[in-house]
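**Q** Show me the folded form of this:
(one chain, ligands or ions: 1)
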Amino acid sequence: MKLNITCIPGDGIGPEIIAEAKKALDAVAEKYGHDVQYTDILMGGASIDVHGVPLTDEAVETAKSADAVLMGSIGGDTTTSPWYKLPPNLRPEAGLLAIRKALNLFANLRPAVLYGELAQACPLKQEISGNGFDMLIMRELTGGLYFGERKTVEENGVRKALDTLTYDENEIRRIAVKGFDIARKRRKKVTSVDKANVLDSSRLWRAVVEEVAKDYPDVMLEHMLVDNCAMQLVKDPAQFDVILTENMFGDILSDEASMVTGSIGMLASASLNDTKFGLYEPSHGSAPDIAGKDLANPIATILSASMMLRYSFDLDREADAIDGAVKQVLQDGYRTGDIMSEGCEKVGCKRMGDLIVERIK
Ligand code: NAD
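**A** Purely as a prediction, here's the structure:
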């Protein structure tokens, strides 16, 4: 298969971690007979330095013509970097918002996986974290409260603010379909999270999710109120497979879920549109404090590349090969500094990439 991938190395540790993800992709491509072609584009500070803007139209066109986009991270030290003296629409992060919009990425996926080998990083008690957990939060990214009409007015000398939460059934249906499709590739369980005891938007959410579920009789559906879900994430995280939820609830719950894994350098993410196209990136930022020192953990980016193979190319066997190699490296006792524990061997970014490549082959 031919894989046409646009890469955004970006800033800080971005180029280092993207280099390792490319190595892992090349290794699976060689093993299973695929042809991977990369086209790099500039975004964030790297683009500001060359073009004066965080994302050019040409870069967007290149991304649009690819099958998928793999990104490192963008941004610099927000207190010292000159990029943050620029107006907000010219700062590095504006590039990320612009590309998400240009590519119509409405579904955000964030897996939260606790590997048994990293259990000590989990802030939960051992009897709760047990042998690990593996869930995926599917968050609607372009609707709801963050995109509704908002205003602040003054009435009779009293300031009053208004934010509106709107969803139409099409917005709900398209994310629900994504959620069920992805559950089919996993343990076939969807937990749809809402606040249907209070909000009309949640009642519509629940009704539409139930309609979509009829097309997926092999996937188990349960509904959970968001307040209960927040508790269950720290009480019994292993119960979850795919958590399907709207924008604001997903924003909060995905951060909570990442937190309970305890290791930011391990967390992949993806943003998808209504085709197979997606933008894949680690959940962490550009870590300017460790950039250029070969200290970054490349695993979140390598796992993002694995998500790309699974969700944009339907190459599940190849994705399994990467996921398996990551697990094996951890089992073999290798750790970057951020996940280091006693008795393990500390390695840098490049060596971690090499060790994963060896296990893919
Ligand atoms: P950060 O995620 O970059 O770093 C937080 C801490 O985690 C730092 O101590 C860093 O060294 C460490 N860390 C992060 N990733 C790591 C990795 N792979 N391996 C080892 N350690 C790692 O968050 P921040 O410091 O708040 O932000 C730095 C810059 O990144 C800012 O400019 C911010 O706007 C940007 N940012 C970008 C994205 C993105 O590109 N999607 C996301 C978040 C933050």
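
**Q** quick one: furthest residue from the center of the protein?
**A** Ranking residues of the chain by C-alpha distance from their mean position (Cα atoms, centre = their mean) puts Asn156 at the top, at 45.2 Å.

**Q** Would you check how far apart that residue and the ligand are?
**A** According to Cβ to the nearest ligand atom, to the nearest Å, Asn156 and the ligand sit 40 Å apart. C-beta coordinates here come from the backbone N, C-alpha and C atoms, glycine included.

**Q** which residues touch that residue?
**A** Contacts for Asn156 (Cβ atoms under 8 Å, 6 or more residues apart in numbering) come out as none.

**Q** now swap in Met224 and tell me
**A** Met224 is in contact with Thr191, Ser192, Val193, Gln232, counting by Cβ under 8 Å, 6+ apart.

**Q** Over to Ala296?
**A** By Cβ under 8 Å, 6+ apart, Ala296 lies in contact with Ile13, Glu16, Ile17, Gly265, Ala287, Ile290, Thr336, Cys349.

**Q** hmm, back to that, tell me which two in the contacts of Met224 are the farthest apart.
**A** Using Cβ to Cβ, the two most remote members of the contacts of Met224 are Ser192 and Gln232, lying 13.5 Å apart.

**Q** higher neighbour count, the two?
**A** Each of Ser192 and Gln232 has its neighbours counted (other Cβ atoms under 10 Å); Ser192 has more, 28 against 16.

**Q** Break this structure into its domains for me.
**A** What automatic domain parsing lists as the domains of the chain is 1-109+268-361, 123-261.

**Q** tell me the most buried of the ones you listed?
**A** With neighbours defined as mean count of other Cβ atoms under 10 Å, the domains of the chain peak in mean count at domain 1-109+268-361, which reaches a mean of 20.

**Q** interface residues of the stretch 151-300 of the chain facing the ligand?
**A** Within the stretch 151-300 of the chain, the positions near the ligand by Cβ under 6 Å from any ligand atom are 264-265, 281, 284-290, 296-297, 300.

**Q** ok, now with 5 Å
**A** Residues of the stretch 151-300 of the chain lying close to the ligand by Cβ under 5 Å from any ligand atom are Gly265, His284, Gly285, Ser286, Ala287, Asp289, Ile290, Ala296, Asn297.

**Q** hmm, back to that, so for the contacts of Ala296, which is the shakiest by pLDDT?
**A** Sorting the contacts of Ala296 by pLDDT puts Gly265 at the bottom of the list (90).

**Q** That one contacts Ile299, correct?
**A** Yes: using Cβ atoms under 8 Å, Gly265 is in contact with Ile299, at 6.2 Å.

**Q** Residues that sit against both of those two, list them.
**A** Listed as contacting both Gly265 and Ile299 by Cβ under 8 Å, 6+ apart are Thr336.

**Q** Name the nearest residue to the residue of the stretch 251-361 of the chain found nearest the ligand, sequence neighbours excluded.
**A** Using Cβ to the nearest ligand atom, the single residue of the stretch 251-361 of the chain nearest to the ligand is Gly285, 2.5 Å away. Closest residue to Gly285 apart from its sequence neighbours, by Cβ to Cβ, 6 or more residues apart in numbering: Ser73 at 5.3 Å.

**Q** Next up, the contacts around Thr336.
**A** By Cβ under 8 Å, 6+ apart, the residues touching Thr336 are Gly265, Leu295, Ala296, Asn297, Pro298, Ile299, Lys346, Val347, Gly348, Cys349, Met352.

**Q** how about the residue of the stretch 251-361 of the chain closest to the ligand, secondary structure?
**A** Assigned with DSSP: H, G, I helix; E, B strand; the rest coil, Gly285 falls in the coil class.

**Q** contacting residues for it?
**A** Gly12, Ser73, Gly75.

**Q** what does the model give the first one for pLDDT?
**A** pLDDT recorded at Gly12 is 98.

**Q** Phi, psi for the closest residue to it other than its chain neighbours please.
**A** Among residues not flanking Gly12 along the chain, Ser286 sits closest, at 2.8 Å (Cβ to Cβ, 6+ apart). Dihedral pair for Ser286: phi -90, psi 0, per degrees, to the nearest 10.

**Q** Show me the strands in the stretch 201-350 of the chain, by range?
**A** Using DSSP state E, counting those that start in this stretch, the strands of the stretch 201-350 of the chain run over residues 220-225, 242-245, 268-272, 278-282, 334-335, 345-346.

**Q** which parts of the stretch 1-150 of the chain sit against the ligand?
**A** Neighbours of the ligand within the stretch 1-150 of the chain, by Cβ under 5 Å from any ligand atom: Ser73, Ile74, Gly75.
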